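> Compute the structure for the input listed below.
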Amino acid sequence: MSLEVIIVGAGISGLCTAVALHKAGHSVKVFEKSRFTGEVGSAVLITPAAERVLSRLGVDWLKARGDAVAYFEVFDGITLASLNSHDLLDPTEEFGAPLYTVHRVDLLNELLRLASGLDIRLGTKVSCADANTGVVVLEDGTRHFADLVVAGDGMHSVLRAEVLRHHPDVAAVAEATRSGMSTFRFMIPTKAMQNDPQFQELLRMRGKGCALFADSTRDSEHHMVWFTCRERSIQVFVGVHDSIVANPEQLKDLMLSEFGHYHPSLIRMFSLASLVTNWRLDIHDPLPTWHHGKLVLIGDSAHPMLPLGAQGANQAIEDAGALGALLSNLTSVFQLSGRLYAYERVRRLRASRVQTLSKVRLGREKDVEVELRKYADPPGSDVPTTFSERYKHDYGFDVFDACRQAVDQEKVVVVP
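Next up, the predicted model:
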């Protein structure tokens, strides 16, 4: 049967879910408050676990201008010595799918291509929704009904509270706490440095991987990540630091000051940045529930996380894959409740582990081991405590296989 679905938010999570649920045979409307009038965002790493979902949705990586990546390596930012690495000469052979970096805008445009023909309403702000009735109220007061409302409205979700208000004992966990960290983000055209011998030497060192340059002189998450996008025509940098930014006009100077003790070859690259942005990083604890009635959370609405590990977009894509798979071949609307519980079984504990790991950079997994064990699945099972274990945990998951197992469990009938 076909459900009437309203998706709030047309970011990566909302658009992926719209395409997935449309492919599953449902009628989909998307309400997005922005108008997509400008190019925003940086670039994202797409892991094999998420690529498996995107390929099933029909993403064309040539159109999305994705860069194939071989591995992720951690270097000492001062000496350039290798600290940790996981060689992926063939990510498809190890994890069953490729690894890509892609500009966020290019990925959104590719998802919009796949969603062409769907009812996507830009400049449409949602004020609230009722989880019990499936009624969505827009800012202009108009009301829309759905069998299922999907909240993909991001970290500052207006619909998350509607799920949590039915669980008053856990509502407080939605509050964010300051991490004490921020991120500089900037991009440099490759052509601006391609004739520089120091840049060429760094390229040879990095190869076709993503590089993380850690600060070995202090006990903090201070580091700079470097990768490419748009067919290697853009060099992308994300620098995690612990400064309080007061003057946005001095961001480049502050960035160069924060990372001024790194290797001179790196500083030479960083100095070519023309536009530096900064984002404050807040910590959100995992939610104990993601749905109530006809309302379900996805993406940053369900599991906002820090960028340490580059997993935010990937977890949102896995959410979409899970909903699309679990809501396929429904024969009755009465199956919806059970499938939403199955969605939480497949996704919540896994995303909670990733969300917890996002508070520490690659190689510092032991720092959050105690917290990670709260979300072991099943309880008492192993959790990632090393760089290599984290890599396999984050990259090797098959959401479709997990969904098949969840549906099989739903069909089991226990006879007294």
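> When you work out contacts or count neighbours from here on, use the C-alpha atoms and nothing else.
OK.
> The lowest-mean-pLDDT helix or strand in the chain pairs with which strands?
In the chain, the helix or strand scored least confidently by mean pLDDT, DSSP states H and E is strand 82-86, which has a mean of 78. Paired neighbours of strand 82-86 in the sheet (DSSP bridges): strand 72-76 (antiparallel).
> tell me the domain ranges of this structure?
Per automatic domain parsing, the domain ranges recorded for the chain read 4-68+95-174+287-411, 177-282.
> Just name the most buried of these.
domain 4-68+95-174+287-411 (a mean of 20; mean count of other CA atoms under 10 Å).
> Identify the spatial nearest neighbour of Phe237, chain neighbours not counted.
Excluding the flanking residues, the one nearest Phe237 by CA to CA, 6 or more residues apart in numbering is Trp226, at 4.7 Å.
> Please apply the same query to Glu175.
His284 (6.8 Å).
> so that neighbour touches His156, yeah?
No. Using CA atoms under 8 Å, His284 makes no contact with His156, being 11.2 Å away.
> Looking at the domains of the chain, which is nearest to Asn84?
Closest of the domains of the chain to Asn84 is domain 4-68+95-174+287-411, at 6.9 Å (criterion: CA to CA).
> looking only at pLDDT, what's the mean for that closest one?
For domain 4-68+95-174+287-411, mean pLDDT is 93.
> What's the separation between the residue nearest to Phe237 and Pro189?
Distance of Trp226 to Pro189, given as CA to CA, to the nearest Å: 13 Å.
> ditto for Ala81
26 Å.
> Pro197 now?
Taking CA to CA, one finds Pro197 at 16 Å from Pro189.
> just Glu51 next, same as before
26 Å.
> could you show me where the helices are in the stretch 301-416 of the chain, in order?
312-326, 336-357, 369-372, 387-395, 399-411 (DSSP state H, counting those that start in this stretch).
> What of the stretch 101-250 of the chain?
Using DSSP H, counting those that start in this stretch, helices in the stretch 101-250 of the chain cover 104-114, 160-164, 197-206.
> nearest to Lys294, of the ones you listed?
Closest among the helices of the stretch 101-250 of the chain, using CA to CA: helix 160-164, at 9.6 Å.
> Excluding covalently adjacent residues, which one is nearest to Gly396?
Phe95 (5.2 Å).
> what does Ala310 give?
Leu45 (6.3 Å).
> Show me what the host helix or strand of that neighbour packs onto, helices and strands only.
Element membership for Leu45, per DSSP states H and E: strand 43-46. Under the contact definition 3 or more CA pairs under 8 Å, 6 or more residues apart in numbering; DSSP states H and E, strand 43-46 sits against strand 100-103, helix 312-326.
> Could I get the CA-only coordinates of that strand as CSV?
Extracted in CSV, the C-alpha atoms of strand 43-46 (Å, rounded to 0.1, in the frame of the first residue of the first chain):
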residue,chain,number,x,y,z
ALA,A,43,32.4,19.0,1.3
VAL,A,44,31.6,15.7,2.9
LEU,A,45,33.1,12.2,3.0
ILE,A,46,30.8,9.4,1.8
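> Give the pairing partners of that strand; include direction for each.
Strand pairing (DSSP bridges) places strand 43-46 next to strand 100-103 (antiparallel).
> these two touch, right, the residue nearest to Phe237 and Arg232?
No. Using CA under 8 Å, Trp226 is not in contact with Arg232, being 11.8 Å away.
> Would you pull up how far the helix or strand harbouring Val5 lies from the middle of the chain?
Using DSSP H and E, Val5 sits within strand 4-8. How far strand 4-8 lies from its chain's middle: 21 Å, per CA atoms, centre = their mean, to the nearest Å.
> before we move on, what about stretch 150-170?
18 Å.
> on that earlier part again, could you say which one of the helices and strands packed on strand 43-46 comes nearest to Pro248?
Of all these, strand 100-103 sits nearest to Pro248, with 23.6 Å by CA to CA.
> Contacts for that closest one, please.
41-47, 51, 64-69, 227-230 (CA atoms under 8 Å, 6 or more residues apart in numbering).
> got the contact list for Phe227?
Here Phe227 is in contact with 101, 209-211, 235-237 (CA under 8 Å, 6+ apart).
> how about a markdown table for the residues you listed, with distance to Gly117 added?
As requested, those are exported to a markdown table (distance: CA to CA, whole Å):
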| residue | distance to Gly117 |
| --- | --- |
| Thr101 | 27 |
| Gly209 | 37 |
| Cys210 | 36 |
| Ala211 | 39 |
| Gln235 | 34 |
| Val236 | 33 |
| Phe237 | 36 |
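> And the residues you listed, which is closest to Leu297?
Nearest member of these to Leu297, counting by CA to CA, is Thr101, at 25.7 Å.
> which residues touch the nearest residue to the closest one once chain neighbours are set aside?
Setting aside the residues directly before and after it, Thr101 is nearest to Leu45 in space (CA to CA, 6+ apart), at 4.4 Å. For Leu45, the contact set (CA under 8 Å, 6+ apart) comprises 99-102, 310-311, 314.
> and which of the residues you listed is nearest to Phe36?
Val102 (18.1 Å).
> separation between that closest one and Arg206?
From Val102 to Arg206 the distance is 18 Å (CA to CA).
> With Leu372 instead?
31 Å.
> Next, the angle from the helix or strand hosting His22 to helix 312-326.
Using DSSP H and E, His22 falls within helix 12-23. If you take axes from the mean of the first three to the mean of the last three CA atoms, to 10 degrees, helix 12-23 sits at 20 degrees to helix 312-326.
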